[in-house]
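Engineer: what's the 3D shape of this:
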Amino acid sequence: MKKNLKFFLITILTIVFIALILIVKTNDSLGIDSSIYNYLISFKNPLFTKIVTGITNLGGTFTIIILIILSIIIFRKKIYSILITVNIINVVLITQTLKMLIQRPRPSFPHLVEENGFSFPSGHAMASLGFYGFLIYLVWQTNINKKIKIGITIILSILILLIGLSRIYLGVHYFTDVVAGFVCSTIYLLIFTDYVKKYLNNA
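Structural biologist: This is a model prediction of the structure:
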């Protein structure tokens with residue numbers, strides 16, 4: 001990606017993120033938060049809830065730790081293993097710092113899973129895009145078949161989106177929490193991968 005385009009995207013996304021912070025700091029909840037939650041929960045039934053809970057767990061701490069270990073095994077280059085670990089540590093630190101600074105309470109919707117802590121931004125949204133998004137980036141740095149790269153990108157992109165939606169359906173995050181998580185992780189990845197690219201080129 002060209003530097004000017006990347007700088008433009010980072011600037012726009014930063015403005016969006018700051019706007020979201022200002023909005024949620026002055027409003028407990030928004031109309032769009034309730035509307036999207038009400039739409040998603042209209043699909044509620046025991047089987048669907050089990051499926052959604054399984055999806056949300058793919059963005060949880062335990063699953064990501066397991067996937068980090070698997071990624072370390074799969075990627076033969078040691079540098080990839082180091083970068084994957086550093087990446088997720090960065091995402092967690094950024095997420096927890098933002099949660100403590102903004103301190104938005106969890107939604108008053110019925111929670112279908114147990115969650116503690118603050119709501120903004122969604123940790124699952126940030127972690128899923130931060131982790132799976134970075135895996136997509138690393139896959140494109142390898143020499144595997146382009147069709148496989150595209151397939152992996154599509155699958156992981158859909159997974160990231162579903163994890164975000166699952167947090168709303170389960171009642172533990174507002175729509176704006178999830179959007180903020182995705183926006184923040186995108187900003188982070190645009191910056192982080194720029195440094196990673198330089199590091200990989202010099203490795």
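
Engineer: worst-scoring helix or strand of the chain, pLDDT-wise?
Structural biologist: Lowest by mean pLDDT, DSSP states H and E among the helices and strands of the chain is helix 61-74, with a mean of 82.

Engineer: Now do the very next helix or strand once past it and helix 61-74, the angle between them.
Structural biologist: Going down the chain from helix 61-74, the next helix or strand is helix 78-102, by DSSP states H and E. Counting by axes from the mean of the first three to the mean of the last three CA atoms, to 10 degrees, helix 78-102 points 160 degrees away from the direction of helix 61-74.

Engineer: Average pLDDT for the next helix or strand along the chain from helix 78-102, rounded please.
Structural biologist: Remark: after helix 78-102, the chain's next helix or strand is helix 123-139, criterion DSSP H and E. What helix 123-139 shows for mean pLDDT is 93.

Engineer: Please work out which residues outside the next helix or strand after helix 123-139 touch it.
Structural biologist: Using DSSP H and E, the helix or strand that follows helix 123-139 towards the C-terminus is helix 146-169. By CB atoms under 8 Å, 6 or more residues apart in numbering, the surrounding residues in contact with helix 146-169 are 36-37, 40-41, 43-44, 52-53, 55-56, 58-59, 112, 122, 124-125, 128-129, 132-133, 135-136, 139-140, 142, 173-175, 177-178, 181-182. (C-beta placed from N, C-alpha, C; glycine too.)

Engineer: Next: stretch 9-16.
Structural biologist: 183, 186-187, 190-191.

Engineer: among those, which are in helices?
Structural biologist: Within the contacts of stretch 9-16, residues falling in helices by DSSP state H are 183, 186-187, 190-191.

Engineer: If any of those residues are buried, put those into a ChimeraX selection.
Structural biologist: Those of the ones in helices among the contacts of stretch 9-16 that count as buried under 16 or more other CB atoms under 10 Å are selected in ChimeraX with:
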select :183,186,187,190
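
Engineer: Nearest to residue 70 among the ones in helices among the contacts of stretch 9-16?
Structural biologist: Proximity of the ones in helices among the contacts of stretch 9-16 to residue 70 (CB to CB) peaks at residue 186, which lies at 24.3 Å.

Engineer: Excluding chain neighbours, give the residue nearest to the closest one in space.
Structural biologist: Nearest residue to residue 186 in three dimensions, chain neighbours excluded: residue 13, at 5.8 Å (CB to CB, 6 or more residues apart in numbering).

Engineer: Good, we can wrap up now.
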